[in-house]
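Colleague: structural data only, the sequence is not supplied:
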Ligand code: SAM
Ligand code: SF4
Ligand code: SF4
């Protein structure tokens with residue numbers, strides 16, 4: 001059974017948020033003024049249990065989902081995360097299980113995650129410059145701690161690791177070449193992401209976005225690049241490689257070159273709501289179904305009908321959107 005939406009897009013992949021909490025306060029994602037001491041995060045009872053998450057993922061796989069990415073908030077803050085990885089990694093039909101983390105706790109968990117069946121990993125790292133990193137993440141966590149996490153993940157066999165860099169104009173765009181150089185020749189794949197207008201708290205303005213075409217030019221001028229074919233249809237990163245054999249670099253042009261036409265991605269929040277677009281203002285609750293004795297068949301039917309009604313293409317329509325539209329936060333829905 002394959003779920004298809006109103007624009008003919010299948011339900012190929014799922015981003016699963018396992019917590020809305022985080023040990024960083026990246027200014028573009030969870031600004032401290034909003035996500036401070038008084039912020040009400042989800043309670044344990046509100047969040048889906050690992051058993052409930054597993055039922056949800058099985059239903060998605062029934063509908064054609066082949067890739068699942070565990071995210072958050074910071075997923076490694078969720079207690080005994082390797083246990084969830086273990087439960088998901090044995091679901092028949094699930095081909096690709098991966099995780100996005102800020103890397104702060106990775107040294108501690110890398111081996112356990114690999115042993116539990118995690119296949120790959122993405123680590124977010126916006127700068128290797130100590131001051132810029134501290135300013136962007138608004139935390140005391142050191143760059144070296146993240147780098148040690150990356151090394152531990154590599155040692156645990158989780159490489160090649162993808163390194164995600166959100167680029168914000170006049171904040172870290174001057175460091176893009178340094179970052180590229182840092183991972184050139186390491187086998188890891190650095191990916192530069194245009195700063196997006198997710199949620200309602202980061203004060204996003206178009207002038208803060210550096211189009212990836214400019215980033216490609218900057219890196220190409222120092223370390224020549226050549227384009228690569230996508231790995232598969234719908235791949236969000238544009239792939240390039242260094243002409244000198246130093247590896248691959250990705251660019252995610254979510255603002256300047258939207259990719260809604262090929263978007264096969266659903267999101268489930270930690271409290272069990274399905275979002276059919278990163279920019280959705282409302283989710284569809286699955287938790288009540290999970291907790292009211294519904295069968296796997298019922299769950300699959302409900303998700304199928306949610307996907308079937310999907311028409312989202314926010315990024316393509318961005319220019320025409322009302323600026324006051326209320327959108328869900330990325331730390332809640334999962335990046
Ligand atoms: N805490 C984990 C991390 O940072 O990797 C996982 C969750 S985070 C929300 C997932 C990804 O979303 C990160 O790579 C982060 O940089 C990216 N992200 C968050 N806010 C963003 C924004 N406004 N624009 C572009 N990317 C953003
Ligand atoms: Fe936390 Fe990741 Fe958001 Fe940064 S991007 S605040 S690390 S959830
Ligand atoms: Fe997919 Fe929505 Fe992003 Fe378009 S805006 S690529 S539909 S998540």
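Modeller: Nice, thanks for sending it over. Since we're looking at a predicted model, the values are computed, not measured. Residues are numbered from 1 along each chain as shown. Ligands and ions are numbered 1, 2, ... in the order given.
Colleague: residue 260 contacts residue 310, doesn't it?
Modeller: No. Counting by Cβ atoms under 8 Å, residue 260 stays clear of residue 310, with 10.8 Å between them. Bear in mind the C-beta positions are built from the backbone N, C-alpha and C, glycine included.
Colleague: which of the two has more neighbours?
Modeller: Using other Cβ atoms under 10 Å, the more surrounded residue of residue 260 and residue 310 is residue 310, with 20 against 17.
Colleague: okay, now the closest residue to that one other than its chain neighbours: neighbour count?
Modeller: Closest residue in space to residue 310, ignoring its immediate chain neighbours: residue 5 at 3.7 Å, by Cβ to Cβ, 6 or more residues apart in numbering. By other Cβ under 10 Å, the residues close to residue 5 number 19.
Colleague: and residue 5, how close does it get to residue 166?
Modeller: As judged by Cβ to Cβ, to the nearest Å, residue 5 and residue 166 stand 28 Å apart.
Colleague: repeat that for residue 24.
Modeller: 12 Å.
Colleague: what residues does the stretch 1-150 of the chain have near ligand 3?
Modeller: Contacts of the stretch 1-150 of the chain with ligand 3, taken as Cβ under 6 Å from any ligand atom, are absent.
Colleague: show me which residues of the stretch 1-150 of the chain sit near ligand 2.
Modeller: So the stretch 1-150 of the chain meets ligand 2 at 22, 24-26, 29-30, 72-74, 102, 124 (Cβ under 6 Å from any ligand atom).
Colleague: contact partners for residue 182?
Modeller: 128, 190 (Cβ atoms under 8 Å, 6 or more residues apart in numbering).
Colleague: do you know the pLDDT at it?
Modeller: In this model, residue 182 is scored at 95, pLDDT.
Colleague: then the one 10 residues further on?
Modeller: The per-residue pLDDT reported for residue 192 equals 97.
Colleague: what's the burial count for it?
Modeller: If you count neighbours by other Cβ under 10 Å, residue 192 ends up with 28.
Colleague: and the one helix or strand it maps to, anywhere near ligand 1?
Modeller: According to DSSP states H and E, residue 192 maps onto strand 189-194. Yes. Under the criterion of Cβ under 6 Å from any ligand atom, strand 189-194 makes contact with ligand 1 via residue 193.
Colleague: contacting residues around that strand?
Modeller: 160-167, 176, 179-180, 182-183, 209-212, 215, 237, 247-256.
Colleague: secondary structure class for the closest residue to ligand 3 within the stretch 101-250 of the chain?
Modeller: With Cβ to the nearest ligand atom as the measure, residue 236 is the residue of the stretch 101-250 of the chain nearest to ligand 3, at 7.4 Å. Classification of residue 236 using DSSP: H, G, I helix; E, B strand; the rest coil returns coil.
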